[in-house]
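Chemist: no sequence for this one, just the structure:
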């Protein structure tokens, strides 16, 4: 299964994150399938590739909680018309 999630980038105390599509069984720093965005928490900057993100979500990818929050702050679900619900497996 593919998930959009954060990949840490940068040095100590100057961290930034790349939002990537990656296999769920891969490590956080593993090889990404596709880069779909960028997030800088220090300056509250977000850059998203809406076309790539919507394609992933429509194919059934489930984002992590942090990426879901970033997408909601950027109002992506409202613009694209996708419902970002957390699906929990028991």
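Modeler: Arrived safely, thanks for sending. Here the structure is a predicted model, which is why all the values come from computation and not from measurement.
Chemist: first-to-last residue distance for stretch 35-46?
Modeler: Start and end residues of stretch 35-46 are separated by 13 Å (Cα to Cα, to the nearest Å).
Chemist: pLDDT of it, averaged?
Modeler: Taken as a whole, stretch 35-46 has a mean pLDDT of 92.
Chemist: and it, which residues are buried?
Modeler: Neighbour-count burial for stretch 35-46, counted by 16 or more other Cβ atoms under 10 Å, picks out 36, 37, 38, 39, 46. In short, each C-beta sits where N, CA and C put it, glycine included.
Chemist: in three-state terms, label the residue nearest to residue 14 when sequence neighbours are not counted for me.
Modeler: Nearest non-adjacent residue to residue 14, counting by Cβ to Cβ, 6 or more residues apart in numbering: residue 42, 7.5 Å away. Three-state call for residue 42 (DSSP: H, G, I helix; E, B strand; the rest coil): coil.
Chemist: let me see the contact set for residue 42.
Modeler: Remark: with contacts taken as Cβ atoms under 8 Å, 6 or more residues apart in numbering, residue 42 is in contact with 14, 15, 16.
Chemist: what does residue 82 give?
Modeler: 54, 57, 58, 76.
Chemist: just the buried subset of the contacts of residue 42, written out for ChimeraX, thanks.
Modeler: Filtering the contacts of residue 42 down to the buried ones (16+ other Cβ under 10 Å) takes a single ChimeraX command:
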select :16
